[in-house]
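**Student:** model this:
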Amino acid sequence: MLADEHLPYLYIGYKAGMFETVREDFPEGLEREDFDQLMGQYFGNAIAHNNTLITLKANAALKRGGDVNMVPIGLVYLSIFQSVAHPHVFWMPWARPRNKMEASVKFLADLKKEHPVMVVVGDETLDWFKHLSKYGVLRRVGNLKNFFGKEKDAALFEGVKEWVA
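**Tutor:** Predicted coordinates for the structure are as follows:
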């Protein structure tokens, strides 16, 4: 879940363009205090409407003494509508492809145990989801014509309950 300890990381991510897809809600140039307040409002409203926020973590560095410092690498906005989960991820700028893939596979594997999962993707992330599907957590089930506007189609993926050979 989103905690105060994640806000410094999210602010750094915001400054690096992490929330570009929702720029109208997160305008440029916010100071830290304004950002924290806006995060509370924006995602507080999401939680009030039965949506969930989850931070994805990766082993980023070892602390002295061998303890692992778990650093957030992504923020999942999870909407559940008619018992179907619809995740959307905001990746931190420092998240590497391997971090993203490992976190995505684990997150989706855990999520689909509790909810059916549906993901709608555009051309810019289609290859990513095709690759993610090779791990058996999703499968492509169709296309949606003009979903994102004229001549902007989408692909529909669903969570795979169990691997079928």
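**Student:** hey, let's count contacts and neighbours off CA atoms from now on
**Tutor:** OK.
**Student:** may I ask which helix or strand of the chain has the lowest mean pLDDT?
**Tutor:** In the chain, no helix or strand scores lower on mean pLDDT, DSSP states H and E than strand 51-62, which sits at a mean of 52.
**Student:** residues in contact with the residue nearest the centre of the chain?
**Tutor:** The centroid of the chain falls nearest to Val89 when counting by CA atoms, centre = their mean (1.5 Å). Shown in contact with Val89 (CA atoms under 8 Å, 6 or more residues apart in numbering): Gly74, Leu75, Val76, Tyr77.
**Student:** element containing it?
**Tutor:** strand 84-91 (DSSP states H and E).
**Student:** in the helix or strand following that strand, what's buried?
**Tutor:** Using DSSP H and E, the helix or strand that directly follows strand 84-91 along the chain is helix 97-111. Neighbour counts over helix 97-111 (16 or more other CA atoms under 10 Å) mark Asn99, Lys100, Met101, Ala103, Ser104, Val105, Phe107, Leu108, Ala109, Leu111 as buried.
**Student:** cool, and stretch 89-96?
**Tutor:** Within stretch 89-96, judged by 16+ other CA under 10 Å, the buried ones are Val89, Phe90, Trp91, Met92, Pro93, Ala95.
**Student:** quick one: contacts for the second one?
**Tutor:** Under the criterion of CA under 8 Å, 6+ apart, the contact partners of Phe90 comprise Met18, Phe19, Gly74, Leu75, Val76, Tyr77.
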